[in-house]
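*Asks:* sequence and predicted model, in that order:
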Amino acid sequence: MTAPDADGGDPADAGSVVEAVFDAVAETAPEIRAALPGRRVKSGTENASGESVMAGDLYADELLGDAITAVDGVGSFVSEEREAAVDAGGAVGEGAYAVAIDPLDGSSNLRSNNAMGTVVGVYDAPLPATGRDLVAAGYVLYGPITTMVVADDDGVREEVVEAGADGSVSRSVVEDNLRLPDDPLVYGFGGRVPDWTDEFTAYAREIEDELKLRYGGAMVGDVNQVLTYGGIFAYPALVDAPDGKLRLSFEANPIAYIVERAGGAATDGEVDILDVEPEGVHDRVPLYVGNEELVERLKAALD
Ligand SMILES: O=P(O)(O)OC[C@H]1O[C@](O)(COP(=O)(O)O)[C@@H](O)[C@@H]1O
Ligand SMILES: [Mg+2]
Ligand SMILES: [Mg+2]
């Protein structure tokens, strides 16, 4: 891959750092998956967003923190579960990269044994930064099969990640040019309907007539359905929470980057998610993402 580096880092390094980061994520994935059965309970702590942290969240965060900070060229590691960035050595933007992760996305699905994931963004600027500073993004989906989707300037690929009996990890590319289907089929919208704005509710009523509801409560799983079948996913602005629920640096930006590289679009309701200027690393943002035509209609409906 050839990732440009607008901030003055060595462009030749971007590809190898990104590759090494996703090698580390893939190596860790089977270990995270295997550890989940015993970690379906609350850890008793809250994270920087004030949310209850599950034992699985903490375990995944520790494992990924160790693996990613050990990658040459990673200068900073930032996690949804940590208040502050971890200095991994190397100046971000001057040849080193900042990696942001949501270690377990959808971890409230642990109790009910539904899909979950890990979200990864590789930025060439210190965080908080906009999504335009991403050089690559990806996610692992712990579904019936463990898959990893990786997007960079070259496009989007999907791999299957498997653990051998001897502990080795094998990967096989199952799709090397993932594109959103032109004819959308599914939608999934988060939040309680009474908490939606009138404008979003009116849009949802239209979409319900056209597409099939698929909502599983883990952004990664729900977005993966949109990437597979076409459609739209949203965690909208709520009447009492105008910034919605999802976090810009760890969730919205990486997902927007992936979906846009796959031919789709992503907005906060007004501007492209990748252009949203963050004030802090744990900022939340409304997210509407999927086929361009559906996202454009959403923007018009909210206008
Ligand atoms: O339970 P709700 O309100 O439907 O929220 C679900 C959303 O919250 C999240 O679980 C938030 O992510 P975390 O589990 O990483 O905090 C998303 O994956 C998902 O889209
Ligand atoms: Mg999440
Ligand atoms: Mg999480």
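*Replies:* Structure received. All figures in this text were calculated on a predicted structure; none of them were measured in a lab. Ligands and ions are numbered 1, 2, ... in the order given.
*Asks:* count of neighbours near residue 112?
*Replies:* Neighbour count of residue 112, defined by other C-beta atoms under 10 Å: 9. The C-beta positions use only the backbone N, C-alpha and C, and glycine is treated the same way.
*Asks:* brain fart, residue 175
*Replies:* When counting by other C-beta under 10 Å, one arrives at 16 neighbours for residue 175.
*Asks:* repeat for residue 51
*Replies:* 15.
*Asks:* okay, how far is it across stretch 200-220, tip to tip?
*Replies:* Looking at stretch 200-220, the gap from its leading to its trailing residue is 22 Å under the measure C-alpha to C-alpha, to the nearest Å.
*Asks:* tell me the contacts of the residue of the chain at minimum distance from ligand 3?
*Replies:* Of the chain, the residue with the smallest distance to ligand 3, taken as C-beta to the ion, is residue 102 at 4.3 Å. Residues near residue 102 by C-beta atoms under 8 Å, 6 or more residues apart in numbering: 79, 80, 117, 118, 119, 247, 250, 251.
*Asks:* state the helix or strand in which the fifth one lies.
*Replies:* Using DSSP states H and E, residue 119 sits within strand 116-123.
*Asks:* could you identify the helix or strand that succeeds that strand?
*Replies:* Under the assignment DSSP H and E, the closest C-terminal helix or strand after strand 116-123 is strand 134-142.
*Asks:* please name every helix or strand in contact with that next one.
*Replies:* Strand 134-142 sits against helix 11-35, strand 116-123, strand 146-152, helix 219-229, helix 253-261, with contacts defined as 3 or more C-beta pairs under 8 Å, 6 or more residues apart in numbering; DSSP states H and E.
*Asks:* just checking: what are the partner strands of that strand?
*Replies:* Pairing partners of strand 134-142, with direction, according to DSSP bridges: strand 116-123 (antiparallel), strand 146-152 (antiparallel).
*Asks:* deepest of those strands, which one?
*Replies:* Each of those was assessed for mean neighbour count using mean count of other C-beta atoms under 10 Å. The highest is strand 116-123, with a mean of 28.
*Asks:* wait, does that one make contact with ligand 3?
*Replies:* No: applying C-beta under 5 Å from the ion, one finds that strand 116-123 is not in contact with ligand 3, the shortest distance being 7.9 Å.
*Asks:* what about that strand, distance to the chain center?
*Replies:* Chain-centre distance of strand 116-123: 5 Å, with C-alpha atoms, centre = their mean, to the nearest Å.
*Asks:* one more: stretch 141-152?
*Replies:* 11 Å.
*Asks:* and the average pLDDT for that stretch is what?
*Replies:* Here stretch 141-152 scores 98 as its mean pLDDT.
*Asks:* gap between the two ends of it?
*Replies:* From start residue to end residue, stretch 141-152 stretches across 18 Å - C-alpha to C-alpha.
*Asks:* which outside residues touch that stretch?
*Replies:* Contacts with stretch 141-152, where a contact means C-beta under 8 Å, 6+ apart, come from 1, 3, 15, 18, 22, 25-26, 29-30, 32-33, 36, 115-118, 135-140, 156-162, 171, 174, 178, 220-221, 224, 227, 257-258, 261-262.
*Asks:* over to stretch 266-274?
*Replies:* Outside stretch 266-274, the residues within contact range by C-beta under 8 Å, 6+ apart are 130-132, 134, 236-237, 248, 252-253, 255-257, 259-260, 265, 276, 285-289, 295, 298-299, 302.
*Asks:* next one: stretch 206-216
*Replies:* The list of residues contacting stretch 206-216 from outside it, by C-beta under 8 Å, 6+ apart, reads 106, 109, 114-115, 184-190, 222, 225, 229, 231-232, 294, 297, 301.
*Asks:* would you put the C-alpha positions of it in CSV?
*Replies:* C-alpha atoms of stretch 206-216 as CSV (Å, rounded to 0.1, in the frame of the first residue of the first chain):
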residue,chain,number,x,y,z
GLU,A,206,-39.4,6.2,5.1
ILE,A,207,-36.5,3.9,5.4
GLU,A,208,-38.6,1.3,7.2
ASP,A,209,-40.8,1.0,4.1
GLU,A,210,-37.8,0.4,1.8
LEU,A,211,-35.2,-1.7,3.7
LYS,A,212,-35.1,-4.6,6.2
LEU,A,213,-34.3,-3.9,9.9
ARG,A,214,-31.0,-5.5,11.0
TYR,A,215,-29.8,-4.1,14.4
GLY,A,216,-27.6,-6.2,16.7
